[in-house]
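> heads up, no residue letters with this:
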């Protein structure tokens, strides 16, 4: 269950970053792309995380 929560957190970061990239009124100097990249990393970690226990 923990890996699914990590994947959902990563996906939400990617969606947030995507909204910030598309929004023309927001200009925070390229940090939007770092948010998207960090969301991708979190989602991949959640995907690769092994579930221990039953």
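Arrived safely. All of these numbers come straight from a predicted model, not from anything done at the bench.
> quick one: low-confidence parts of this protein?
In the predicted model, the chain carries pLDDT under 70 at residues 51-54.
> one more time with 90
Along the chain, the parts satisfying pLDDT under 90 run over 1-4, 17, 20-33, 46-54.
> can you tell me what sits against whichever strand or helix holds residue 34?
Mapping residue 34 onto the secondary structure by DSSP states H and E places it in helix 31-48. With CB atoms under 8 Å, 6 or more residues apart in numbering as the test, helix 31-48 has contacts from 3-18, 20-21, 26. Where C-beta positions appear, they are placed from N, C-alpha and C, glycine not excepted.
> one more time with 10 Å
Helix 31-48 is contacted by residues 2-23, 26, 28 when judged by CB atoms under 10 Å, 6 or more residues apart in numbering.
> now stretch 9-26
Counting by CB under 10 Å, 6+ apart, residues outside stretch 9-26 touching it are 27-28, 30-47.
> give me the buried entries from these.
By the neighbour-count criterion of 16 or more other CB atoms under 10 Å, the contacts of stretch 9-26 include these buried positions: 32, 35-36, 39, 42-43, 46.
> tell me the angle of the longest helix along the chain relative to helix 31-48?
For the chain, the helix that runs over the most residues, judged by DSSP state H, is helix 2-22. Orientation check (axes from the mean of the first three to the mean of the last three CA atoms, to 10 degrees): helix 2-22 against helix 31-48 gives 160 degrees.
> nearest spatial neighbour of residue 7, chain-adjacent residues omitted?
residue 46 (3.7 Å; CB to CB, 6 or more residues apart in numbering).
> quick one: the helix holding residue 34 to chain centroid distance?
Helix 31-48 has its C-alpha centroid displaced from the chain centroid by 4 Å (CA atoms, centre = their mean, to the nearest Å).
> likewise stretch 26-45?
In terms of CA atoms, centre = their mean, the gap separating the centre of stretch 26-45 from the centre of its chain is 7 Å.
> equivalent analysis for stretch 8-21, please.
Put simply, stretch 8-21 sits 5 Å off its chain's centre (CA atoms, centre = their mean).
> no further queries at this time; thank you.
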